[in-house]
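Peer 1: have a look at this fold, sequence not included:
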């Protein structure tokens, strides 16, 4: 638009200079031609003035170098007005081919109208630029907010609902582009997660039922073990009383038999009676040990087993064990021999529990041989 203003001003200057030339031809040196503001400057004067005026220097260079230049115009701001300088070359034909610059016609005029047009152009361009910028901002806002940020917000809200526990939430993105594909993939992932959660819930429900069944079974086993322990304790206690009586009477009979033997009764019948009494005592003591073992097991299951540490001799414990296990071994044709190194130190332990453990080992050994 500024180029149009400049072209219009150039045409106006060209007409003024043409009018001046016509007036100068018709009335040389007249007042009318002087009032038009056109000045003729010789080439040498123009070269001197061009040393201080760069625009005039460019005009001279243009006239000197161009093939057939007609005119040249430049402009400057002069306050609120626009000042136009129009230069038209005049040539002298010194040869048939190359014309020579002789002088320059220069028109110097101020144009307030052109300045207004230029200012209007600036305002117009600034306004148009502002409108274009505002439109670009609106388009950018629409693209970023509606086409980009809105799907992202939808995905974020759906993700927040899923985090809060609503696995049934789904994104509703209908844009027909990659965001819709992303939303569909997100929904497919949520479907897979929900199916997995449903499967886990079913498995947990089944596990809860199994745990309940196991808990009930454990309670039943505990009650059964408790009843068994109580039964074993009661039966063992009831068996100890008559068994102690049997052992007591057998020991009394053994003392009588030994007294008779000391009195000189050495008959076969007497020896058989002594052997029978020994068998009764041995079996009764073995049975008493078994009953004590049952009682001890009942105490262990009830958590009431006590350890009574005493100083004992290993040889004594071993001799007692051999005397207890020997009748069982003899019935199965097993010979038992005991070898104990001399000088063994005494140990501190619970003699009854140690004897019970070793007796169980020996009894199992005899039983499974």
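Peer 2: Yep, it's here. What you see is a predicted model, and the numbers here were worked out from it, not measured in a lab.
Peer 1: where are the low-confidence patches of the stretch 51-200 of the chain?
Peer 2: 66-69, 93-98, 112-121 (pLDDT under 70).
Peer 1: that one: helices as residue ranges?
Peer 2: Here the stretch 51-200 of the chain has its helices, by DSSP state H, counting those that start in this stretch, at 54-65, 112-141, 150-163, 178-262.
Peer 1: and the last one, what does it pack onto?
Peer 2: If you count contacts as 3 or more Cβ pairs under 8 Å, 6 or more residues apart in numbering; DSSP states H and E, helix 178-262 packs onto helix 150-163, helix 268-302. To be clear about C-beta, it is placed using only N, CA and C from the backbone, and glycine gets the same treatment.
Peer 1: leaving out sequence neighbours, find the closest residue to residue 307.
Peer 2: Leaving aside its sequence neighbours, residue 307 sits nearest to residue 350 (Cβ to Cβ, 6 or more residues apart in numbering; 4.8 Å).
Peer 1: which residues sit in contact with the one you found?
Peer 2: 307-310 (Cβ atoms under 8 Å, 6 or more residues apart in numbering).
Peer 1: which one of those residues has the most neighbours?
Peer 2: Compared across the contacts of residue 350, residue 310 has the highest neighbour count, 12 neighbours, by other Cβ atoms under 10 Å.
Peer 1: count the residues that sit near the nearest residue to that residue once chain neighbours are set aside.
Peer 2: The spatially closest residue to residue 310, leaving aside those adjacent along the chain, is residue 351, at 5.7 Å (Cβ to Cβ, 6+ apart). Burial measure for residue 351: 18 neighbouring residues, criterion other Cβ under 10 Å.
Peer 1: confidence score at residue 351?
Peer 2: Residue 351 carries a pLDDT value of 80.
Peer 1: touching, it and residue 318? I think so.
Peer 2: No. The pair residue 351 / residue 318 is not scored as a contact, 11.9 Å apart, by Cβ atoms under 8 Å.
Peer 1: list the beta-bridge partners for residue 42.
Peer 2: With DSSP bridges as the criterion, residue 42 is bridged to residue 103.
Peer 1: what's around it, how many residues?
Peer 2: Using other Cβ under 10 Å, residue 42 has 13 neighbouring residues.
Peer 1: tell me how far it lies from residue 109.
Peer 2: Applying Cβ to Cβ, to the nearest Å, the value for residue 42 to residue 109 is 22 Å.
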